[in-house]
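Q: pasting the structure only:
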């Protein structure tokens, strides 16, 4: 999913950042739980499935962190 950033006021950027940080925090918690589950799992297919989920979560978090950086930059240049 590609997100488009439109230059809007600082309040909207701030609200987007807060919402995005909440999502990233939830993803991080899910990642920690999956890593714990991975350490306990013996079945190779389940291990592969968990690893795929971890890869997706890592990718989503990376995109989200990049988006936060862009929002911060927009907020600084809007002043």
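A: Sure, I can see it. These figures come from a predicted structure and were not determined experimentally.
Q: hmm, residue 19 and residue 67 touching each other?
A: No - using CB atoms under 8 Å, residue 67 is not in contact with residue 19; the gap is 10.8 Å. From N, CA and C alone the C-beta is placed, and that goes for glycine too.
Q: what about those two, which has more around it?
A: Taking other CB atoms under 10 Å, residue 67 and residue 19 do not tie; residue 67 has more neighbours (16 against 10).
Q: which SS state does the most centrally placed residue in the chain fall under?
A: Centroid-nearest residue in the chain, with CA atoms, centre = their mean: residue 61, separated by 2.6 Å. Taking DSSP: H, G, I helix; E, B strand; the rest coil as the rule, one finds residue 61 in the helix state.
Q: check which helices and strands the one helix or strand residue 20 maps to sits against.
A: Using DSSP states H and E, residue 20 sits within helix 10-40. Helix 10-40 is packed against helix 44-78, with contacts defined by 3 or more CB pairs under 8 Å, 6 or more residues apart in numbering; DSSP states H and E.
Q: between helix 10-40 and the helix it packs on, find me the angle.
A: 160 degrees (axes from the mean of the first three to the mean of the last three CA atoms, to 10 degrees).
Q: just the buried residues of stretch 29-48, please?
A: 31, 34 (16 or more other CB atoms under 10 Å).
Q: what about that stretch, how long is it end to end?
A: Using CA to CA, to the nearest Å, the end-to-end distance of stretch 29-48 comes out at 20 Å.
Q: what sits up against that stretch?
A: 50, 51, 53, 54, 57, 58, 61 (CB atoms under 8 Å, 6 or more residues apart in numbering).
Q: could you find the closest non-adjacent residue to the third one?
A: When you say that, I think you mean residue 53. Using CB to CB, 6 or more residues apart in numbering and skipping the chain neighbours, the partner closest in space to residue 53 is residue 34 (5.8 Å).
Q: quick one on the thing from earlier: okay, the contacts of stretch 29-48 in CSV with pLDDT next?
A: Listed next are those as CSV, based on pLDDT from 0 to 100:
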residue, pLDDT
50, 96
51, 97
53, 97
54, 97
57, 97
58, 96
61, 95
